[in-house]
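**Q** Predicted coordinates and the sequence they were generated for:
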Amino acid sequence: MSNTSYRGFLGLLGWIFLVPSVLSALVAVWLIYTGAYVAGDVRSAEGRVVAHRAEQNKRSRWGNHSVVKFSLPDGRSVVFEDAVARRGGAEHAIGETVTVRYRSSDPQQAQISGSAWIQTLLGVGWLLFSTIGILVGWLMLRLRPKATPPVAA
C-alpha cells in the first residue's frame, strides 16, 4: 500500500469516526440537558400512577410506560406519560405515589424523578463513548503520514 493510499484510508476512517461521534455527542448532551432539567423554573410535585401503557411495534412489545397524574399549585390537573419504557413491566404500580419534576412553563413535559436520573446517566455514558469516537477520529486525521511530494524525473 503506497503512502498516499494509506494516508487517504486513514483520512477516510478518521472522518467515519469523527462525524457520527460529533452528532452522537450532540444527542447525548440533549439527553443530559432534558434529563437533568438544568434550565428554567423546575418544580416538583407529588403525583399518582393512574395507568400503564404498553409500547410495541408490529413484532414485539418493548416495555411499559407509567401514566401519572399530578396537580399544579393553581389546582389544574396534569396527566403525562413517563418518557422511559421499562421491559418486564412498569417500575411503579398503579396507585403508587411518585415525585414528579416539571418546568412551570411547560408542565406537560413532566418526568418521574427516577426516570430523569436514568435519562441523565444514559446521556453521560453516551457522551463518554462519543468523546472516545471523536478522539479516535481526530487522532486518525492528525497522525496520518504526511503526503510526500512527487519526485521529479
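**A** Alright, I've got the coordinates.

**Q** and residue 20, what element?
**A** Element membership of residue 20, judged by DSSP states H and E, is helix 3-36.

**Q** For residue 25, see how far away the residue most central in space within the chain is.
**A** The C-alpha lying nearest the average C-alpha coordinate of the chain belongs to residue 31 (Cα atoms, centre = their mean; 3.6 Å). In this view, residue 31 and residue 25 are 11 Å apart by Cβ to Cβ, to the nearest Å. Every C-beta, even on glycine, is put in place using the N, C-alpha and C of the backbone.

**Q** ok, now residue 122?
**A** Counting by Cβ to Cβ, the gap from residue 122 to residue 25 is 14 Å.

**Q** between those two, which one's more packed in?
**A** residue 25 (18 against 15; other Cβ atoms under 10 Å).

**Q** With adjacent residues omitted, what lies nearest to the more buried one?
**A** residue 130 (3.8 Å; Cβ to Cβ, 6 or more residues apart in numbering).

**Q** and the longest strand for the chain?
**A** When the chain is parsed with DSSP state E, its longest strand is strand 42-56.

**Q** Please state the mean pLDDT value computed over that one.
**A** Strand 42-56 carries an average pLDDT of 85.

**Q** which helices and strands sit right next to that strand?
**A** Taking 3 or more Cβ pairs under 8 Å, 6 or more residues apart in numbering; DSSP states H and E as contact, the helices and strands that strand 42-56 lies on are strand 61-71, strand 97-103.

**Q** Residue 110: which of these is closest?
**A** The closest of those to residue 110 is strand 97-103. By Cβ to Cβ, the value is 3.7 Å.

**Q** For that closest one, which strands pair with it and how are they oriented?
**A** In the sheet, strand 97-103 lines up against strand 42-56 (antiparallel), strand 106-112 (antiparallel) (DSSP bridges).

**Q** of all these, which lies closest to residue 92?
**A** Closest to residue 92 of the strands paired with strand 97-103 is strand 42-56 (Cβ to Cβ; 4.6 Å).

**Q** which of the residues in that closest one are buried?
**A** 45, 47, 48, 49, 52 (16 or more other Cβ atoms under 10 Å).

**Q** Distance of the last one relative to residue 18?
**A** To tie it back to what came earlier, the one meant is residue 52. From residue 52 to residue 18 the distance is 42 Å (Cβ to Cβ).
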